[in-house]
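# what follows is a predicted protein model with its sequence.
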Amino acid sequence: MQTQHKNRMAWLIGMALAGCLVSSMAAANGTSASDSSMPTVSNKLLLTGGVTQVEGSAGGGLTPWAVIGGYGTGDEIGANAFITHVSLPDYHLDEVGAMVGLYNRVEVSFAQQRFNTEQVGAALGLGQGFTFQQNIVGVKVRLFGDVVLDQDSWLPQVSIGAQHKQNDQAAVLRFIGAKSDQGTDYYVNATKLFLSQSLLVNATLRFTKANQIGILGFGGDRNNSYKPEFEGSVAYLLNRNLAIGAEYRQKPNNLGIAKEDDWYDAFVAWAPTKHVSLTLAYADLGNIVIKDRQRGLYASVQVGF
Amino acid sequence: MFKYSMHAAVIATAMMFAQSAIAQDAAPMPQQSAAMAASALRDPALKPVFDEFGGKPGLVALMNDFMDNLMADTRTRPYFADSDREHIKVELVDQFCVILDGPCTYSGKDMEKVHRSLGINRAAFNALVEDLQKAMDKNDIPFRAQNKLLAKLAPMHKVVITK
Ligand code: HEM
């Protein structure tokens, strides 16, 4: 009952965000039609806002970056929506979400993940195509630094953030040994653009109890306390519209019955305009429950302004 | 509202001109030359980048396209519409030439003074960078070379952005 209530809350927040997005897009269109001389939105430089990572925050594919999502600058609001699909040998993940970036200071995001267990679900007696659904509400605050403009110092842009996650399969999670169906990750991250090298580097320290980012619940028989996990990305800018990169994400290993591996990916992100970006990655997610070597394609489309 | 701020900018610019005229009558200040130097810091490591920009003729061609872009861009046009654009182009060529270790001297105004009263915000600054990137693309300047120059210009945001 309580879970359902929380799920509904998450949905409400999601709908509200989506509503924000649509209405501010309409507002942006209205502005450009009537008075295109006033800068309102969309004034950050291309690709410097990152794309949407797997939990809905602005970042690379797997890890959040210290950037505030959307292309708004200090006087502006930016927003975007995304769809992500991850196709693995034995599972697939479908995801939708939206985020709003406020004045290049605060980012609020919502994402819904649907993790489909395909045949594995049948093998485990859960039913073919058994699906874990997880809602994630994220908040990120930029503390200091400017990823693009601070080119004469070593100071990165630094942000802190939280991702609150609610999984809808409490009974199954309890059965596999997870201690909770909800949890909150806390992170601090630093992002630095070495412009003269065309290189962007990010490091994130995340405090989490999540098993497989929360798809398998939070905490477990082996460990039920917050663990610091390191996440890193590098991206090389090929031109204004195109970046390639690689990412690493360390993960806890809390469940006795389902070994968990660190994640890796190599990605290409393409932003033909500020309103659209496409990210393709080859991701190695290691072992998931009873299936090893889960490597596959990660594809994400983001639209916004 | 925009027109209003434009008026303010014009008046402020006019006042600045008057001020600098007065300043020129007075004895030259040593701090001023330090600020001037910061407006065009020579970096010998960027000599190869100067060649990638096509030397001074390349910079002249670049600045023509750059200024065309600035005037075509509704976000930047208002700042430049009433200014001496030919003069700005000449100063920009010298400034970039010096930064890239070319055989030039920059004799323009220092960055803080010239932009102080223009009311430039981050959005306008980014718009100008975009217009420069487009001009550099058009002039076939390699992306890595572009970024080496931009890395030198970016820190100037501290004195250029005042809003
Ligand atoms: C790093 C960025 C910038 C650099 C390197 C730069 C460089 C220059 C230079 C060399 C001059 C000529 C100085 C002289 O007349 O002696 C100039 C003038 C000017 N700049 Fe910038 N500028 C930058 C950013 C901006 C931005 C963002 C704007 C507005 C959107 C702007 C608007 C102007 C205007 C209107 C003038 C003419 C002012 C006058 O004639 O009094 N600049 N700039």
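Looks like it came in fine.
# A:Ala210 touches A:Gly220, doesn't it?
No - counting by Cβ atoms under 8 Å, A:Ala210 stays clear of A:Gly220, with 10.2 Å between them. The way it works is simple: take the backbone N, C-alpha and C, and place the C-beta from them, glycine included.
# could you check how far the residue in the stretch 101-250 of chain A positioned nearest to the ligand is from A:Asn104?
Scanning the stretch 101-250 of chain A for the residue nearest the ligand gives A:Leu149, at 9.5 Å (criterion: Cβ to the nearest ligand atom). With distances defined as Cβ to Cβ, to the nearest Å, the gap from A:Leu149 to A:Asn104 amounts to 11 Å.
# of those two, which one has the most company?
Legend: neighbour count by other Cβ atoms under 10 Å in any protein chain shown for A:Leu149 and A:Asn104, higher for A:Asn104 (25 against 22).
# so who does the residue of chain B found nearest the ligand touch?
Scanning chain B for the residue nearest the ligand gives B:Gly108, at 2.8 Å (criterion: Cβ to the nearest ligand atom). For B:Gly108, the contacting residues are B:39-40, B:91, B:94-95, B:114, by Cβ atoms under 8 Å, 6 or more residues apart in numbering or on different chains.
# kindly recompute the last result at 7 Å.
Taking Cβ atoms under 7 Å, 6 or more residues apart in numbering or on different chains as the contact definition, B:Gly108 lies against B:91, B:94-95.
# also A:Val120?
Taking Cβ under 7 Å, 6+ apart as the definition of contact, the neighbours of A:Val120 are A:90-91, A:289-291.
# secondary structure and pLDDT for those residues - can I get that in JSON lines?
Converted to JSON lines, those look like this (DSSP: H, G, I helix; E, B strand; the rest coil; pLDDT from 0 to 100):
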{"residue": "A:Asp90", "secondary structure": "coil", "pLDDT": "92"}
{"residue": "A:Tyr91", "secondary structure": "coil", "pLDDT": "94"}
{"residue": "A:Val289", "secondary structure": "coil", "pLDDT": "87"}
{"residue": "A:Ile290", "secondary structure": "coil", "pLDDT": "84"}
{"residue": "A:Lys291", "secondary structure": "strand", "pLDDT": "85"}
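# okay, the residues you listed in TSV with neighbour count and distance to A:Leu205 next?
Putting those into TSV (neighbours: other Cβ atoms under 10 Å in any protein chain shown; distance: Cβ to Cβ, whole Å) gives the following:
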residue	neighbour count	distance to A:Leu205
A:Asp90	19	31
A:Tyr91	23	28
A:Val289	23	27
A:Ile290	12	31
A:Lys291	18	29
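# hang on, A:Gln113 packs against A:Gln163?
No - in this structure, A:Gln113 sits apart from A:Gln163 without contact. The criterion is Cβ atoms under 7 Å, and the distance is 11.4 Å.
# quick one on the thing from earlier: quick one: the residue of chain B closest to the ligand is in a strand?
No - with the criterion set as DSSP: H, G, I helix; E, B strand; the rest coil, the secondary structure at B:Gly108 is coil rather than a strand.
# give me the pLDDT value at it.
You'll see B:Gly108 listed with a pLDDT of 93.
# and the end-to-end length of stretch A:145-163?
Across its full length, stretch A:145-163 reaches 22 Å end to end, with Cα to Cα, to the nearest Å as the criterion.
# now do stretch A:47-55
End-to-end distance of stretch A:47-55: 19 Å, with Cα to Cα as the criterion.
# how about that stretch, does it reach chain B?
No - on the criterion Cβ under 7 Å from any Cβ of the partner chain, stretch A:47-55 is out of touch with chain B, staying 9.2 Å away.
# ok, A:Ser180 - how many residues close by?
Taking other Cβ under 10 Å as the neighbour definition, A:Ser180 ends up with a count of 19.
# list, out of the contacts of B:Gly108, those positioned next to the ligand.
Filtering the contacts of B:Gly108 for proximity to the ligand (criterion: Cβ under 6 Å from any ligand atom) leaves B:91, B:95.
# just put the contacts of B:Gly108 in a markdown table and tack on pLDDT, secondary structure and neighbour count.
Output for these, formatted as a markdown table (pLDDT from 0 to 100; DSSP: H, G, I helix; E, B strand; the rest coil; neighbours: other Cβ atoms under 10 Å in any protein chain shown):
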| residue | pLDDT | secondary structure | neighbour count |
| --- | --- | --- | --- |
| B:Glu91 | 97 | helix | 19 |
| B:Asp94 | 96 | helix | 19 |
| B:Gln95 | 97 | helix | 21 |
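# which one of A:Ala210 and A:Gly220 is surrounded by more residues?
Remark: of A:Ala210 and A:Gly220, A:Ala210 carries more neighbours, 29 against 24, as counted by other Cβ under 10 Å.
# check contacts around the more buried one.
Counting by Cβ under 7 Å, 6+ apart, A:Ala210 makes contact with A:165, A:183, A:185, A:218.
# then A:Ala122?
Under the contact definition (Cβ under 7 Å, 6+ apart), the residues listed for A:Ala122 are A:Gln128.
# same thing but 8 Å
Contacts for A:Ala122 (Cβ under 8 Å, 6+ apart) come out as A:128, A:130.
# and it, how far from A:Leu216?
For A:Ala122, the distance to A:Leu216 under the criterion Cβ to Cβ works out to 18 Å.
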